[in-house]
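J.: sequence first, then the predicted structure:
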Amino acid sequence: MLHDHDEMLLHLPGTAAEREWLEGHLKVLSVKERIALTAAMAREPPQDMAGAVNCLLSLEWYEVRGHADSYEVLGGFFCSEQFIPMEQRPFFDKAALGRLYEEHHPGLFVGNCYVEFPEKQPTLRYDGLELPDIESEGWSVRLKLASEAMPEGVWIRLPDYDAAFSDNPGEIELALDELGVKRFPECTLLDARCVLPCVQDLAGQYAKLSDLIDDGQELGFLLDELWQDDPNFLERFGIVLEFEHCRRLNDAVCIGRDLDSYDLVSVDTFIDQVTQKLDERQWANCGDAVKNCFNYTAYATAVAERQGYQLTDDGCHFIRKRDSPELEQQPPGMTMQ
């Protein structure tokens, strides 16, 4: 049932680029995302591939209530939402309360879940011009797990906030339900992907699946925290990871925790800063003829090296880690923020 929509979406009118994007995205949709997709398709089926792209990008706005397959269960949510005392709850008609809950939170039953529709129409993120990058859509790690009952496997998308902070079944528990197992040792890891391109051979880095999930969770929480401070931080984080030659998930988590200790400045900005200082010198007042005899770029590079900076592989930035008392006291060209 959860894969019924794939072929329909891929046969909608659209461009080759849109089809390629949809194929890549649908291939790794988690169980929870597919449940949300079923509800989204029932609510408003897209008419073309551009609409399908926006449909998939809107899934995070659909609240999936796991293990909620009846109005009686929804009635329990209503009781919690209205803070009805526990001793009074047995005297309510839970099914009737469930229908009231549905009125307040319109949605759809999908399997053993209730999916709440977004309160507002999700913002269209794709305008038909530039397709968003699949590798930067609010996730940290995706895992494909299999079981004896489902050898073809299903995907889990981390981080799973429900598993960490609530009793509501989330990504992990819904996937285990689909696999027909209770614990990770009953699963086989078929594939593992990290949102950070530098992290290589993720599946081979861990002897225990639970350790991989723990680090995937922590990276996800960390990325969300950093993203709230700066939506464009991921590029700078990637520069720091390459500077440290990071290839392991656990190392990426450790570097992320210590991100404030790195200074990053573009080469052009650094040269401009040095140039402004040099132009205050007496010799710079002698005119352009004298200034044209001075190699500002070479001098700025030498200043950067003295301040502990290194040039990034792409030659676009200077980067350093403030891990010595001397560097701690030097003002950075631009700090990570």
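T.: Structure received. Numbering: from 1, shown residues only.

J.: show me what Leu143 is bridged to.
T.: Ile156, Ala192 (DSSP bridges).

J.: and stretch 248-260, what's buried?
T.: Buried residues in stretch 248-260, defined by neighbour count with 16 or more other C-beta atoms under 10 Å: 248-253, 255-256, 259. Where you see a C-beta, it was placed from the backbone N, CA and C, and this is true even at glycine.

J.: need the CA coordinates for stretch 288-303. CSV is fine.
T.: What follows is stretch 288-303, C-alpha atoms only, in CSV (Å, rounded to 0.1, in the frame of the first residue of the first chain):
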residue,chain,number,x,y,z
ASP,A,288,48.7,54.3,-7.3
ALA,A,289,52.1,54.0,-8.9
VAL,A,290,53.6,52.9,-5.5
LYS,A,291,50.6,50.8,-4.6
ASN,A,292,50.7,48.9,-7.9
CYS,A,293,54.2,47.8,-7.0
PHE,A,294,52.9,45.9,-3.9
ASN,A,295,51.6,42.4,-4.1
TYR,A,296,48.6,42.6,-1.8
THR,A,297,47.4,39.0,-2.4
ALA,A,298,50.8,37.5,-1.5
TYR,A,299,51.1,39.7,1.6
ALA,A,300,47.5,38.8,2.8
THR,A,301,48.3,35.1,2.3
ALA,A,302,51.5,35.5,4.4
VAL,A,303,49.5,37.3,7.2
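
J.: so what touches it?
T.: 267, 270-271, 274-275, 278-279, 283-284, 311 (C-beta atoms under 8 Å, 6 or more residues apart in numbering).

J.: again, only this time at 7 Å
T.: Outside stretch 288-303, the residues that touch it by C-beta atoms under 7 Å, 6 or more residues apart in numbering are 270-271, 274-275, 278, 283-284.

J.: pick out the most distant pair among the buried residues of stretch 248-260.
T.: Arg248 and Leu259 (16.6 Å; C-beta to C-beta).

J.: any of the contacts of stretch 288-303 buried? List them.
T.: Among the contacts of stretch 288-303, those scoring as buried are 270-271, 274-275, 278 (criterion: 16+ other C-beta under 10 Å).

J.: and of those, the nearest to Thr123?
T.: Phe270 (37.1 Å).
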